[in-house]
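Engineer: got a sequence here, can you build the structure:
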Amino acid sequence: MGREQWKKIWIGSAGNMVEWYDWFVYASFATYFAGAFFPHGNPTAQMMNTAGIFAVGFFMRPVGGWLLGRVGDRQGRKAALTLTVTLMSASAVLIAVAPTYGVAGYGGALVLLLARLLQGLSVGGEYAASATYLTEASDPRRRGFASSFQYVSMTAGQIVGLGLQILLQRTLSDDALHSWGWRIPFVVGALGAAVIFYLRRSMLETEVYEADDSGGAERGTLRALWRHRREALLVMALTMGGTVAYYTYTTYLTKYLSNSAGLPKRTATLVSFTALIVFACLQPLAGRLSDRIGRRPLLITFAVGSTLLTVPILTLLQHAGSFWPALGLSLLALVVVTGYTSINACVKAELFPTGVRALGVALPYALANALFGGTAEYVALWFKNAGIESGFFWYVAGCAAVSLVVYVSMRETRDLDLTRVKDAEVSTPAPAS
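Structural biologist: This is a model prediction of the structure:
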């Protein structure tokens with residue numbers, strides 16, 4: 001890759017990191033602020049309330065996918081990426097200053113809800129704009145490698161958030177963290193977003209987008225997307241299993257290790273932090289492998305592994321008991337998930353022509369995340385609260401099994417020319433030779 005391409009990937013990824021830092025820091029610090037916005041009582045009920053608000057953010061993602069996907073296709077990838085980080089900065093500020101239940105009753109929870117709605121709007125467009133930008137900005141022979149940095153940056157955002165959590169856990173008392181310390185990461189997120197806004201103002205548009213003169217007034221419209229509805233349904237189906245598994249082993253993992261496996265919060269956080277560092281390093285390696293052997297083999301490997309191993313891994317994690325067994329099992333799960341995360345961005349972008357690529361990725365992906373990714377934590381807690389936690393293990397495995405059917409029947413997308421993608425090239429669900 002040339003220097004200019006690396007610059008595009010760096011700026012796109014850095015912004016994505018801040019976006020997802022703000023998105024995930026809500027989940028990683030929820031154990032500390034859950035009691036601040038709701039009446040005292042059952043801790044699991046408090047966590048379900050905060051998880052419910054977390055899920056609500058996902059239901060704004062289809063709106064953000066439609067709105068910001070349209071901006072990305074009509075005004076350019078740069079315009080969409082700049083707008084998303086602005087919305088994310090505003091949401092981080094709102095959470096940082098939200099009043100507690102003791103000060104404003106449920107008013108604080110309403111501020112929290114508004115912030116999550118803004119985050120959902122922002123991330124709903126960020127994923128597609130970032131996926132499209134990274135895929136278009138790269139060498140056609142290294143699209144898998146380049147687009148893998150989307151999940152490197154997403155994971156890096158989590159790592160920074162968890163690292164800050166570990167630091168705060170070791171410098172502040174537990175009472176201080178529950179009282180006011182949980183606000184610190186949201187202040188940091190707002191400042192980081194301001195820096196990325198400055199960088200994205202000077203970023204370069206992709207050559208693929210600038211060279212495209214098709215679409216005209218229908219660029220980025222639902223009417224144009226309707227002509228690619230088979231590809232849109234394919235995006236939803238191939239996302240289903242991956243997003244449930246990803247959120248289970250990332251945002252929910254720390255809570256699961258703490259609430260179900262009985263590990264101390266500090267140990268659970270350290271397990272997640274260490275596992276995510278390894279996970280981030282695996283993404284470019286798997287992305288590069290997909291450039292050599294294709295996307296489908298990695299997707300199929302993920303789906304088979306997730307279908308067969310989810311129940312054993314989550315069952316054993318309940319009895320891990322200490323850092324090293326928990327880390328080993330978490331790493332095994334994340335290695336399996338890498339088959340999806342490392343390449344799903346480019347696979348989706350490769351399905352659509354330039355004039356509807358951002359919207360084509362954004363809207364169906366956001367819908368799938370709203371239905372499955374955003375609700376994963378809430379579903380897990382619902383099963384736990386009902387006394388049948390193992391039901392969630394089978395739910396995750398079942399979602400992966402559904403996606404496996406799609407991966408086996410879909411066509412290979414590695415060698416498609418992004419400037420010449422047509423319906424006939426990607427719609428026929430024939431296995432690659």
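Engineer: contacts and neighbour counts: CA atoms only from here.
Structural biologist: OK.
Engineer: which residues of the stretch 1-150 of the chain score low on pLDDT?
Structural biologist: By pLDDT under 70, the weakly predicted segments of the stretch 1-150 of the chain are 1-2, 39-48, 51, 54.
Engineer: where do the helices of it begin and end?
Structural biologist: Assigned by DSSP state H, counting those that start in this stretch, the stretch 1-150 of the chain shows helices spanning 3-28, 30-37, 43-59, 61-74, 77-97, 101-104, 107-136, 143-147, 149-171.
Engineer: so which of those helices gets nearest Asp415?
Structural biologist: Using C-alpha to C-alpha as the measure, helix 143-147 is the one of the helices of the stretch 1-150 of the chain that comes nearest Asp415, at 9.8 Å.
Engineer: burial measure for the closest residue to Leu199 other than its chain neighbours, as a count.
Structural biologist: Residue nearest to Leu199 in three dimensions, not counting chain neighbours: Ile11, with 6.9 Å by C-alpha to C-alpha, 6 or more residues apart in numbering. Using other C-alpha atoms under 10 Å, the number of residues around Ile11 comes to 18.
Engineer: cool, and Gly216?
Structural biologist: Using other C-alpha under 10 Å, the number of residues around Gly216 comes to 10.
Engineer: mind pulling up the pLDDT for it?
Structural biologist: Model confidence at Gly216, expressed as pLDDT, equals 74.
Engineer: for Leu314, same thing?
Structural biologist: For Leu314, the model assigns a pLDDT of 97.
Engineer: residues near it, how many?
Structural biologist: Neighbours around Leu314, by other C-alpha under 10 Å: 24.
Engineer: what residues are up against it?
Structural biologist: Phe393 (C-alpha atoms under 8 Å, 6 or more residues apart in numbering).
Engineer: same question, the one 5 residues further on
Structural biologist: Under the criterion of C-alpha under 8 Å, 6+ apart, the contact partners of His319 comprise Ala261.
Engineer: next, it: phi, psi?
Structural biologist: When read as degrees, to the nearest 10, the backbone of His319 gives phi -120, psi 20.
Engineer: ok, Ser342 next?
Structural biologist: phi -70, psi -30.
Engineer: and for the one 10 residues further on?
Structural biologist: Summarising the backbone geometry of Phe352 under the convention degrees, to the nearest 10, its torsions are phi -120, psi 150.
Engineer: what about it, distance to Leu110?
Structural biologist: 38 Å (C-alpha to C-alpha, to the nearest Å).
Engineer: comparing those two, which residue is more hemmed in?
Structural biologist: Shown here are Phe352 and Leu110; by other C-alpha under 10 Å, Phe352 has more neighbours (27 against 16).
Engineer: I figured the more buried one hits Leu359, correct?
Structural biologist: No. Counting by C-alpha atoms under 8 Å, Phe352 stays clear of Leu359, with 9.3 Å between them.
Engineer: need the distance between the two termini of stretch 248-261.
Structural biologist: End-to-end distance of stretch 248-261 (C-alpha to C-alpha): 14 Å.
Engineer: hmm, who's touching it?
Structural biologist: Residues contacting stretch 248-261 (C-alpha under 8 Å, 6+ apart): 24, 27-28, 31, 263-265, 268-269, 271-272, 276, 317-321, 326, 330, 333-334, 376-377.
Engineer: just the buried members of these?
Structural biologist: 24, 27-28, 31, 263-265, 268-269, 271-272, 276, 317-318, 320, 326, 330, 333-334, 376-377 (16 or more other C-alpha atoms under 10 Å).
Engineer: and Phe186, how far from Ile313?
Structural biologist: 32 Å.
Engineer: so for the two, which residue has more residues nearby?
Structural biologist: Using other C-alpha under 10 Å as the criterion, Phe186 and Ile313 rank with Phe186 on top: 25 against 18.
Engineer: poorly predicted segments of the stretch 301-433 of the chain, please.
Structural biologist: Using pLDDT under 70, the stretch 301-433 of the chain drops low at 421-433.
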